[in-house]
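>>> coordinates only, sequence not included:
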């Protein structure tokens, strides 16, 4: 297709199409018929299947600041946060649409680097870019939509946790928050020099696709990703399942960047569980399945941090058995 | 699910879920397993099928102005423009995701009316709302993503027009532009009093889903919707198919609102073909199929306005056979 003929918007789209190349989804049940170049992407699905579909918006000034985030990692993150939602269902990504609004002055180098980050994430997790929308705007707004296929056992939802199920979490919590606070306090250059791991954890999350897939194939009860902090997301899982939970504060796996950021030792657990954008997985597993499940997860550590209860309250339990109700988490329209 | 427990953002989502109800897609090949209430929607597809997938962004100040567009019709339009892309493939919609960023003061009456418009459109075209994302922002940005299923013959793309094919257009052109210009000149109240049909045509487009489906089932060569004006979109169809075209200016069906807006008679055709947001369909049909195809379209008028050529140029042909090259159309990043 001859894009050049059709003006600057189509030059932009033509360049994206060229860079996106001919990446294919990992799942062989689906083939791409039409990708970038039409208003509508076409996918051929060769067998019955469960489709997973999600979208996440990132807005300049709300979700990111251009002085604190380079274009490459913003591109990566815009896709990665959506892949995390597919991971939370145990699914495999099939493709992505990218809608972007931006000032015209961003269409040069900044955009090239943004797309490099987006497409590196796409290649890493085999998620072909299939289309989207490009627009002018005073501020950058990104909306990414991702389609995936559920594993053969079906998607793992958040509403099937059972009383007595153990509560597991992948990786470690609070690293992203430590990175963000360091960025806010010192700016990108200095924060990145002080603790590049913290900055990387915040700006370039790694969706737990493999771990989510293994969990779903192991038949865990319920799963979701942690985007609004354990304190924000565990209540959602509990509400969906009609349960409560007990979380043992001394069992929460705390990211090492938290220790490098915080002075006061006693606040570590609260800092970690109230931190947003960890993109780890929260998993409910029956006690019978817990050992065989956790032994299958090798690449990323997994930690048992509590259990689910029939009573609807959610408690933080200190090592001395003292209990405090869980509060907190991020509310986009909250006070 | 008990949304109230989870703060204001979840109250908002809970209200949406309640209003969205349990609408089902028309195509029985697909069932909804999980809609609003999870980060990810789940669809069960019961047979092999071709999936259609599109997204369109609407931005305050770029695509709409709140003083010129009521919330109800903005909600309708946000979904309708995406359904138009599904119509252009001959598909049937399966569901929608709505990502929205808005100032907090919009979360009251304005939002209720917006959702009423969105969900009325959803009901009219059997497109259940399955999820999305809600965010705070200084200006309103809407991104809607729609999934559809292609008809049994497969999706009609824009790259298969053949030399000699006739060029048809549904409905009439320029009405949306006439409505927009009237709104810009006189404001909503006065424009709506002067010519409510023009205002309605601009603010509440009707996606040609039935017409697109009939066209695809009739085996037309190529199809696309007109969102950037005939002058903007015909070049895309021609470029995709590697063809040129001749458009007879006196055959272009001109919306009656154009006559009520324009003084100078001779500019009518150019005004209509350079107008954006008509959301009519542009269809390439072989001469052999033209009669049987056009006789199947009953609810909406359809007009033959020209033909495709092997030579790549696109010409406007006047009644005296004088030819002018086609230029124009809307470029989001153009000068």
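Received, thanks. Since we're looking at a predicted model, the values are computed, not measured. Numbers count the residues shown, from 1 in each chain, chains lettered A, B, ... in the order given.

>>> flag the shaky bits of the stretch 201-335 of chain A, pLDDT-wise.
Counting by pLDDT under 70, the stretch 201-335 of chain A shows low-confidence ranges at A:265-266, A:328-335.

>>> strands of that one, start to end?
A:222-226, A:244-248, A:280-285, A:302-309, A:314-317, A:323-325 (DSSP state E, counting those that start in this stretch).

>>> tell me which residues are up against the longest one.
With contact meaning CB atoms under 8 Å, 6 or more residues apart in numbering or on different chains, strand A:302-309 is reached by A:161-170, A:211, A:238, A:241, A:243-248, A:251-253, A:283-284, A:290, A:294, A:317. (Glycine included, C-beta is placed from N, CA and C.)

>>> redo that, cut-off 7 Å
A:161-170, A:243-248, A:251-253, A:284, A:294 (CB atoms under 7 Å, 6 or more residues apart in numbering or on different chains).

>>> buried among the residues you listed? Make that a PyMOL selection.
To isolate the buried ones among the contacts of strand A:302-309 in PyMOL, judged by 16 or more other CB atoms under 10 Å in any protein chain shown, type:
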select buried, chain A and resi 161+165+166+167+168+169+170+243+244+245+246+247+248+252+253+284+294
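
>>> still on that earlier bit, reformat the strands of the stretch 201-335 of chain A as TSV; add distance to residue B:82.
Formatted as TSV, the strands of the stretch 201-335 of chain A follow (distance: least, CB to CB, whole Å):
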stretch	distance to residue B:82
strand A:222-226	27
strand A:244-248	39
strand A:280-285	31
strand A:302-309	39
strand A:314-317	39
strand A:323-325	43
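
>>> ok, which of those strands comes nearest residue B:17?
strand A:222-226 (17.2 Å; CB to CB).

>>> quick one: list the elements packing against the closest one.
helix A:71-87, helix A:230-241, strand A:280-285 (3 or more CB pairs under 7 Å, 6 or more residues apart in numbering or on different chains; DSSP states H and E).

>>> what's the closest of the ones you listed to residue A:204?
That would be helix A:71-87 among the helices and strands packed on strand A:222-226, by CB to CB, at 4.8 Å.

>>> report all helices and strands that the helix or strand just after that closest one contacts.
Counting by DSSP states H and E, the next helix or strand C-terminal to helix A:71-87 is strand A:92-102. Helices and strands touching strand A:92-102, by 3+ CB pairs under 7 Å, 6+ apart, are strand A:41-45, helix A:71-87, strand A:129-136, strand A:141-149, strand B:49-59, strand B:141-149.

>>> residues making contact with the helix or strand that strand A:92-102 is followed by?
Of the helices and strands lying after strand A:92-102 in sequence (DSSP H and E), the nearest is helix A:109-124. With contact meaning CB under 7 Å, 6+ apart, helix A:109-124 is reached by A:16, A:19-20, A:23, A:70-76, A:78-80, A:96, A:98, A:128-129.

>>> starting at the chain centroid, how far to stretch A:218-226?
14 Å (CA atoms, centre = their mean, to the nearest Å).

>>> start to end distance for that stretch?
Stretch A:218-226 has its terminal residues 20 Å apart, counting by CA to CA, to the nearest Å.

>>> give the buried residues for it.
Buried residues in stretch A:218-226, counted by 16+ other CB under 10 Å: A:218, A:220, A:221, A:222, A:223, A:224, A:225, A:226.

>>> same thing with stretch A:48-56?
Residues of stretch A:48-56 classed as buried: A:49, A:50, A:51, A:52, A:53, A:54, A:55, A:56 (neighbour count, 16+ other CB under 10 Å).

>>> and for stretch A:86-102?
By 16+ other CB under 10 Å, the buried positions in stretch A:86-102 come out as A:86-102.

>>> from the contacts of strand A:302-309, which land in helices?
residue A:294 (DSSP state H).

>>> pull out the buried residues from the contacts of helix A:109-124.
A:16, A:20, A:23, A:70-76, A:78-80, A:96, A:98, A:128-129.

>>> got the residues of the stretch 151-300 of chain A near chain B?
A:155, A:157, A:158, A:235, A:236, A:239, A:240 (CB under 7 Å from any CB of the partner chain).

>>> would you confirm that the second one contacts residue A:222?
Read it as residue A:157. Yes. Assessed by CB atoms under 7 Å, residue A:157 is found in contact with residue A:222 at 6.4 Å.

>>> domains of chain A?
Split into domains by automatic domain parsing, chain A comes to A:3-149, A:158-325.

>>> out of those, deepest packed?
domain A:3-149 (a mean of 21; mean count of other CB atoms under 10 Å in any protein chain shown).

>>> from the chain's centroid, how far away is that domain?
Worked out by CA atoms, centre = their mean, domain A:3-149 lies 15 Å from the chain centre.

>>> what mean pLDDT does it get?
Here domain A:3-149 scores 90 as its mean pLDDT.

>>> residues in contact with residue A:319?
Counting by CB under 7 Å, 6+ apart, residue A:319 has contacts residue A:250.
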